[in-house]
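Q: let me see the structure of the following:
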Amino acid sequence: MLDRRVEVDEMGSPDGTIETYEGWVRAHGTELYRYAYRLTGTSHRAEDLVQEAFTEAWKSMRQLRDPQRARAWLFQILRRSHGRMLRRESRRPEGKAHRQEMPEEIAVATRENPVDQNEWMQHCLNKLDVPARQATLAVMLEGLTCREAAAALNVPLGTILSRLHRARGLLRGYVHQQNQSRPDQGGIRR
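A: From the prediction side, this is the model:
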């Protein structure tokens, strides 16, 4: 008779699971944080989101069928965690005022210092609705093709294409507005 007992580590999980999990954190943690930061707009919310995603990944590790798809699986968990975060925030009165005009200090700082353009770009991304932002970040930040982004976001390819088209148009408009407000420096170059 075969002994079917499985060795467990100090966390109570099958041998090798911690190494796999730690490998995911090392390999994908920075990318997930960068994506979460662009989704949420703040470092604190991004850290919370990544923490929640890795916690969910730990709990459901055994559901991953193809270890080669761990990166895509982690991003999917992160997107779903972000959706839950948005639903929780929408139930709170202060969470409903998510999109607001750019504070004047950011606008002035951006005109004076190109380093602050990252903050300005984040503000522009925050002005996009969540589906458009997710599509844009999946293609631009994650480097997915439109077809891969459609599969990852579980929407038809045409939906991704229209979201990208709309988001690019809005972002182009924001750049145009910024250029109009910077006549002395010639605006942001494309």
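
Q: what is the neighbour count of residue 23?
A: Neighbour count of residue 23, defined by other CB atoms under 10 Å: 12. C-beta coordinates here come from the backbone N, C-alpha and C atoms, glycine included.

Q: just the mean pLDDT for the helix or strand it falls within, thanks.
A: Secondary structure assignment for residue 23, by DSSP states H and E: helix 17-40. Averaging pLDDT along helix 17-40 yields 88.

Q: over to stretch 65-82?
A: Average pLDDT, stretch 65-82: 87.

Q: quick one: residue 138 is in a strand?
A: No. Read with DSSP: H, G, I helix; E, B strand; the rest coil, residue 138 is helix and lies in no strand.

Q: contacting residues for the closest residue to it other than its chain neighbours?
A: Leaving aside its chain neighbours, residue 138 sits nearest to residue 149 (3.9 Å; criterion: CB to CB, 6 or more residues apart in numbering). Residue 149 makes contacts with 135, 138-139, 142, 160, as judged by CB atoms under 8 Å, 6 or more residues apart in numbering.

Q: return the strand or helix carrying residue 149 as CSV; C-alpha atoms alone will do.
A: According to DSSP H and E, residue 149 maps onto helix 146-153. Coordinates of each C-alpha in helix 146-153 appear next as CSV, following Å, rounded to 0.1, in the frame of the first residue of the first chain:
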residue,chain,number,x,y,z
CYS,A,146,-5.5,43.5,-27.7
ARG,A,147,-6.5,39.8,-28.1
GLU,A,148,-4.7,38.8,-24.9
ALA,A,149,-6.2,41.8,-23.0
ALA,A,150,-9.7,40.8,-24.1
ALA,A,151,-9.1,37.3,-22.8
ALA,A,152,-7.6,38.5,-19.5
LEU,A,153,-10.4,41.0,-18.9
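
Q: buried ones in that helix?
A: Neighbour-count burial for helix 146-153, counted by 16 or more other CB atoms under 10 Å, picks out 146, 149-150, 152-153.

Q: out of the residues you listed, which comes closest to residue 65?
A: Residue 65 has its nearest neighbour among the buried residues of helix 146-153 in residue 152, at 15.7 Å by CB to CB.

Q: how much space between that closest one and residue 34?
A: Distance of residue 152 to residue 34, computed by CB to CB, to the nearest Å: 16 Å.

Q: also residue 43?
A: Counting by CB to CB, the gap from residue 43 to residue 34 is 11 Å.

Q: looking at these two, which is more packed in?
A: residue 34 (15 against 11).

Q: the more buried one contacts residue 142, doesn't it?
A: No. The criterion here is CB atoms under 8 Å, and residue 34 misses it with residue 142 at 9.3 Å.

Q: cheers, nothing more for now.
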